[in-house]
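J.: I'd like to go over a predicted model; first the sequence, then the structure.
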Amino acid sequence: WAQLQDDIEAAPARLPGRTNISVSGSLRLAPAFLTGTAFRMVTGADLAVLQRGDLWSTRDAYDAEYAPMIKEYDVGQGEDLAVGINVTVKAQDFTEDVLEYVEEQNIPASKLLILRPPAGPKDRSVLDSPAANALAVGMRNA
């Protein structure tokens, strides 16, 4: 994981002046978020990825941000804020696992926020690229 993180974080420096970036391969949610962070819009980069046969792009417009559902849990181990994003977990809620991890690792958080799409966490809870962009902005603003 550390090598993957180093490689993703170094990628923008390997692509100077590039503004349209196509991301390929199989990405889990955490590496996808890291890739988005490495190529954030303030750097002038637009990302695109093929998702279920459709091209999803950070450039795709949306009408209004989607406010996520938010649940808050007290952790009481410090002053930081822990955030979990639950988008596609099907049959189980991952909150207990995240709380257990935060406690076991002694993460210095006062609370944990779990953010979910308005339709709840499930496959296809985010139907297309504009919806993904609207949800990402809603989660950022939350």
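T.: Sure thing, it's come through.

J.: List the buried residues of the lowest-mean-pLDDT helix or strand in the chain.
T.: In the chain, the helix or strand scored least confidently by mean pLDDT, DSSP states H and E is helix 29-38, which has a mean of 78. Of the residues in helix 29-38, 31, 34-36, 38 count as buried by neighbour count, 16 or more other Cβ atoms under 10 Å. Every residue, glycine included, has its C-beta placed from N, CA and C.

J.: next one: stretch 8-24
T.: Applying 16+ other Cβ under 10 Å to stretch 8-24 flags 8, 12, 21, 23 as buried.

J.: Looking at these, which are in strands?
T.: Judged by DSSP state E, the buried residues of stretch 8-24 include 21, 23 as members of strands.

J.: Same list (the buried residues of stretch 8-24) but as a markdown table, adding distance to residue 74.
T.: What follows is the buried residues of stretch 8-24, written out as a markdown table (distance: Cβ to Cβ, whole Å):
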| residue | distance to residue 74 |
| --- | --- |
| 8 | 33 |
| 12 | 37 |
| 21 | 40 |
| 23 | 37 |
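
J.: for the buried residues of stretch 8-24, which one is nearest residue 77?
T.: Closest to residue 77 out of the buried residues of stretch 8-24 is residue 8 (28.5 Å), distances taken as Cβ to Cβ.

J.: close enough to count as contact, that closest one and residue 31?
T.: Yes. Between residue 8 and residue 31 there is a contact at 6.6 Å, judged by Cβ atoms under 8 Å.

J.: tell me the angle the helix or strand following the least confident helix or strand of the chain makes with helix 29-38.
T.: Downstream of helix 29-38, the first helix or strand assigned by DSSP states H and E is strand 46-51. Here strand 46-51 runs at an angle of 160 degrees relative to helix 29-38 (axes from the mean of the first three to the mean of the last three Cα atoms, to 10 degrees).

J.: Now strand 46-51: average pLDDT?
T.: Mean pLDDT, strand 46-51: 82.

J.: Following that strand in sequence, what is the next regular element?
T.: The helix or strand immediately downstream of strand 46-51 is strand 54-57, counting by DSSP H and E.
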